[in-house]
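A.B. asks: Need a 3D model of the following:
(chains A, B, C, D, E and F)
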There are 6 protein chains.
Amino acid sequence: MAEGNRSPIATVRAVSEAEATGKVAAIFEEIRTIKGIDFVPNIWRVLATNPDHLESVWMRLKTWMHPEAAGRTAQLDPLTRELIALAVSATNGCAYCINSHTAAAMKLGLSPEALGEAMAIIGLFNSTNAIADGYQIEPDVRPPVQQE
Amino acid sequence: MAEGNRSPIATVRAVSEAEATGKVAAIFEEIRTIKGIDFVPNIWRVLATNPDHLESVWMRLKTWMHPEAAGRTAQLDPLTRELIALAVSATNGCAYCINSHTAAAMKLGLSPEALGEAMAIIGLFNSTNAIADGYQIEPDVRPPVQQE
Amino acid sequence: MAEGNRSPIATVRAVSEAEATGKVAAIFEEIRTIKGIDFVPNIWRVLATNPDHLESVWMRLKTWMHPEAAGRTAQLDPLTRELIALAVSATNGCAYCINSHTAAAMKLGLSPEALGEAMAIIGLFNSTNAIADGYQIEPDVRPPVQQE
Amino acid sequence: MAEGNRSPIATVRAVSEAEATGKVAAIFEEIRTIKGIDFVPNIWRVLATNPDHLESVWMRLKTWMHPEAAGRTAQLDPLTRELIALAVSATNGCAYCINSHTAAAMKLGLSPEALGEAMAIIGLFNSTNAIADGYQIEPDVRPPVQQE
Amino acid sequence: MAEGNRSPIATVRAVSEAEATGKVAAIFEEIRTIKGIDFVPNIWRVLATNPDHLESVWMRLKTWMHPEAAGRTAQLDPLTRELIALAVSATNGCAYCINSHTAAAMKLGLSPEALGEAMAIIGLFNSTNAIADGYQIEPDVRPPVQQE
Amino acid sequence: MAEGNRSPIATVRAVSEAEATGKVAAIFEEIRTIKGIDFVPNIWRVLATNPDHLESVWMRLKTWMHPEAAGRTAQLDPLTRELIALAVSATNGCAYCINSHTAAAMKLGLSPEALGEAMAIIGLFNSTNAIADGYQIEPDVRPPVQQE
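C.D. replies: Just a heads-up that it's a prediction; the model follows:
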């Protein structure tokens, strides 16, 4: 349990699970239930320092990453969604997010070898992005690709 | 055909298909064949200004994005690979790459609605990346997640 | 009016105001009303290709940028909010966003000279960010700054 | 005091306050005085490994962040300036800078709840930046917004 | 000559060379002289909308990119300096800057083939950056590398 | 020696030198030989979790950073190549890469003062990149600069 945790985990003092009340407590409970975990990850405890922000980010994450809980039918499968998240996070170099999405993808069955393939693709296109921008290469066909 | 094209498409004069010889001509031919298209996209014609660079990028792209042509068995399916490429390119804001990978993903069957879901996930995690970094949030569990 | 607009504005065909129905039409109306404008900006018409995405982004933008319409009391004033948006957009180099937030800030009274001051600060800290990272400089005091 | 500090704080050995002489010592003194602190933060001690660089960055920071000391009249107030700095630093994910500007903003009175609002806005626009770029959305009106 | 230019080149109306007075006119003259060109590039005319900003950026650019004019002895040669500038600009995807630094590097003798080598290195390390961050790889040796 | 190392260095368990076999062992040996070091740096041991990825990145790095070993004649000298790598890495804020390329540049003779000059240039252009993008400044001359 993280309730007693007072060690620094961010630039603000995170809200512990024990001290959460009202809207924050309700969202914390929903996070534990929907994610099937017995603790509230650090990011949510930090966001709780502004309850509206906690609600805003959680609503959005629930909609797109837990579609069944939000009453939506997703087009993309859970592992593809986590790989998109990992591609964004590796490109931005966000340590918290990389750790979190790598763990989630592996929980969904991604092997180290398949992670290597994902990283190869992430690396390849960070490379071609810099080259295409660096040469100021014009698109071959101007979008939109699905105009009438 | 792009052979006669002399209009500016980059900060250097691209190599036309008609003037390509030797290693460049061979790679141009392989690009058309493996991609099943009848022209050489701008990026390859620009890379051809340094034939070793053309070879280096094409070898890497063939390995990861055309695994069957490289004699590899891929772990990730073609649409997932293009969505990873699009996630990287949207995060970096690379116009050439966004146009190219959006077209490729749609050719593989991605609908505008499913593209919207991918963009929602790309947007969501660019958001949480900035927030997690902006608060300097510590990872919940220190990786590696698959240590012995 | 943009209703008749069929010229390419994105990699997908945007939803015109005339063809919007249901949830999309209702959000388009709310956008025009809350923003006090007589057209729906391109980004919302593009997001409408996935109505859930349109709703998700608009709800979040309404919460933080139009707090009075969302029933919130904001801590930061409208110009400060637009300057934060501009700082993010200039750092990322997002053309659509830079144009949009510069126009919004000027509508709120920002003079070209004051915009110059904002740009000087944006430029200065993009500089020190690269230097602090480039030398791997350790923080002077480890946060959180407001621990108990 | 940091004078005796020999522990690694960067990829180069920082200049201690005790060993500073000439131009470096004078700038160190000015930093302590203008900032009203009794030590020289790590970044300035690292920059001092090239005295011209120390001078160049400090002159620019003094001009924009300590305008009164530079004989300028600022258009933006100190908290707005720090929030712009924080928006840039969170977007870039610069740990040293995030810690430093969060501490400075809190010293100027920013509450954790208001910091949450700033982070919500920083997160929101990192999201819309990726989406606007990811769809290659054209600006609604081409700037300049204040042409004659 | 750009003096009569009133076409939009930025989100603000740039200062023309003809209308410049005082500090702005003096800096414009210095730019033309030191750079050996007969017009003032767009960026300086835009910065002139806030004369202190123009002065601040020009002073810094003169110091590092025109060291002889600033009375400094540079450690790095002019082409190496432009290649560093190009590496930064390609990584950030800044169109204005890529065009400007590519032109400057070519004026200094960089051939298209050597530009290709620079782009290959820029691309390679944008790739390994994403991979090293994406796997959260620990440094082999903790800097500083030149501690006593 | 790193052979016995089991401490976490990444989000996956790195391959130790002792357990490497086949293609991985051969590349590890080549890395030690060409780089003239007696251990395999962490990044290669992590890449080895997908042997094709290890081979793909090493082939590319050998081509551009160890041209003599790849049978190429380089246009740019070794220090310039490392400074380009450092400029990319500082701009992206990649800790592993910054440490590695700073060490390599210093091994090639870069003094702390010259590193300061490189950092000044890296910082300067990260600044002007944000400003040029932030104002949406049009290029002075449209490339390509070397059209026929």
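A.B. asks: need the strands for chain A, in chain order.
C.D. replies: Counting by DSSP state E, chain A has no strands at all.
A.B. asks: who in it is up against chain F?
C.D. replies: Residues of chain A lying close to chain F (CB under 8 Å from any CB of the partner chain) are A:93, A:98-99, A:102-103, A:112-113, A:115-117, A:119-120, A:123, A:130, A:136. Where C-beta positions appear, they are placed from N, C-alpha and C, glycine not excepted.
A.B. asks: So which of these reach chain E?
C.D. replies: Among those, chain E is touched by A:Gly93, A:Ile98, A:Asn99, A:Met119, A:Gly123, A:Ala130, A:Gln136 when using CB under 8 Å from any CB.
A.B. asks: which residues touch the first one?
C.D. replies: Contacts of A:Gly93 were listed using CB atoms under 8 Å, 6 or more residues apart in numbering or on different chains, and they are D:Gly93, E:Asn129, E:Ala130, E:Asp133, F:Asn92, F:Gly93, F:Cys94.
A.B. asks: Please report phi then psi for A:Arg72.
C.D. replies: Per-residue torsions, A:Arg72: phi -110, psi 160 (degrees, to the nearest 10).
A.B. asks: pretty sure it is touching A:Thr63, no?
C.D. replies: Yes. Look at A:Arg72 against A:Thr63 with CB atoms under 8 Å: they come within range, at 6.5 Å.
A.B. asks: longest single helix anywhere in chain A?
C.D. replies: When chain A is parsed with DSSP state H, its longest helix is helix A:112-134.
A.B. asks: Just the angle for it relative to helix E:112-134, thanks.
C.D. replies: 140 degrees (axes from the mean of the first three to the mean of the last three CA atoms, to 10 degrees).
A.B. asks: pLDDT of helix A:112-134, averaged?
C.D. replies: In this model, helix A:112-134 carries a mean pLDDT of 98.
A.B. asks: what's the answer for stretch A:89-105, then?
C.D. replies: The model assigns stretch A:89-105 a mean pLDDT of 97.
A.B. asks: Show me how far it is from its chain's centre.
C.D. replies: Here stretch A:89-105 is found 8 Å from its chain centre; the criterion is CA atoms, centre = their mean, to the nearest Å.
A.B. asks: Mind splitting chain A into its structural domains?
C.D. replies: A:1-75, A:76-136 (automatic domain parsing).
A.B. asks: Quick check: which of those is buried the most?
C.D. replies: Among the domains of chain A, ranked by average contacts under mean count of other CB atoms under 10 Å in any protein chain shown, first place goes to domain A:76-136 (a mean of 24).
A.B. asks: Chain A: helices as residue ranges?
C.D. replies: So, for chain A - with DSSP H - the helices run A:22-35, A:42-47, A:51-65, A:78-92, A:95-107, A:112-134.
A.B. asks: among those, which is nearest chain D?
C.D. replies: Closest of those to chain D is helix A:51-65, at 4.5 Å (criterion: CB to the nearest CB).
A.B. asks: touching chain C at all, that closest one?
C.D. replies: Yes. Contact between helix A:51-65 and chain C, assessed by CB under 8 Å from any CB, occurs at A:Asp52, A:Ser56, A:Met59, A:Arg60, A:Thr63, A:Trp64.
A.B. asks: what does chain A have sitting close to chain D?
C.D. replies: Residues of chain A lying close to chain D (CB under 8 Å from any CB) are A:11-13, A:47, A:49-50, A:52-53, A:56-57, A:88, A:92-94, A:143.
A.B. asks: Touching, A:Leu76 and B:Ala118? I think so.
C.D. replies: Yes. Using CB under 8 Å, A:Leu76 is in contact with B:Ala118, at 6.5 Å.
A.B. asks: I'd like the helices of chain A as JSON lines, with distance to C:Phe39 appended.
C.D. replies: Listed next are the helices of chain A as JSON lines, based on distance: least, CB to CB, whole Å:
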{"stretch": "helix A:22-35", "distance to C:Phe39": "36"}
{"stretch": "helix A:42-47", "distance to C:Phe39": "34"}
{"stretch": "helix A:51-65", "distance to C:Phe39": "26"}
{"stretch": "helix A:78-92", "distance to C:Phe39": "31"}
{"stretch": "helix A:95-107", "distance to C:Phe39": "36"}
{"stretch": "helix A:112-134", "distance to C:Phe39": "31"}
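A.B. asks: What distance do you get for the residue of chain A found nearest chain F to chain B?
C.D. replies: Distance from chain F to each residue of chain A (CB to the nearest CB) is smallest for A:Gly116, at 2.4 Å. Remark: distance between A:Gly116 and chain B (CB to the nearest CB, to the nearest Å) = 8 Å.
A.B. asks: With A:Pro67 instead?
C.D. replies: To chain B, A:Pro67 is 9 Å away according to CB to the nearest CB.
A.B. asks: Equivalent analysis for A:Ile9, please.
C.D. replies: On the measure of CB to the nearest CB, A:Ile9 and chain B end up 4 Å apart.
A.B. asks: Can you check the pLDDT for A:Glu3?
C.D. replies: 36.
A.B. asks: Look up how far A:Ala105 lies from the spatially most central residue of chain A.
C.D. replies: The structure's chain A has its C-alpha centroid closest to A:Ala85; by CA atoms, centre = their mean the separation is 5.5 Å. Look at A:Ala85 and A:Ala105: by CB to CB, to the nearest Å, they are 8 Å apart.
A.B. asks: what does A:Leu86 give?
C.D. replies: Going from A:Leu86 to A:Ala105 by CB to CB gives 6 Å.
A.B. asks: For A:Arg72 and A:Thr63, list the residues in contact with both.
C.D. replies: Residues touching both A:Arg72 and A:Thr63 by CB under 8 Å, 6+ apart: C:Asp52.
A.B. asks: Leaving aside the residues adjacent along the chain, what's closest to the residue of chain A closest to chain F?
C.D. replies: In space, and not counting its chain neighbours, A:Gly116 is closest to F:Asn50: 2.4 Å by CB to CB, 6 or more residues apart in numbering or on different chains.
A.B. asks: pretty sure A:Ala85 contacts B:Gly123?
C.D. replies: No. The criterion here is CB under 8 Å, and A:Ala85 misses it with B:Gly123 at 11.2 Å.
A.B. asks: How far does stretch A:8-26 stretch from one end to the other?
C.D. replies: With CA to CA, to the nearest Å applied, stretch A:8-26 spans 24 Å between its terminal residues.
A.B. asks: Check whether that stretch comes near chain C.
C.D. replies: Yes. Counting by CB under 8 Å from any CB, chain C has neighbours in stretch A:8-26: A:Pro8, A:Ile9, A:Ala10, A:Thr11, A:Val12, A:Arg13.
A.B. asks: just the residues you listed now: which is nearest D:Phe28?
C.D. replies: A:Thr11 (26.4 Å; CB to CB).
A.B. asks: right, and that closest one touches D:Ile98 too?
C.D. replies: Yes. A:Thr11 is within contact range of D:Ile98, at 6.8 Å (criterion: CB under 8 Å).
A.B. asks: okay, and the common contacts of those two?
C.D. replies: Joint contacts of A:Thr11 and D:Ile98 (CB under 8 Å, 6+ apart) are B:Gln136.
A.B. asks: still on that earlier bit, which neighbours do A:Leu76 and B:Ala118 have in common?
C.D. replies: A:Ile84, B:Leu83.
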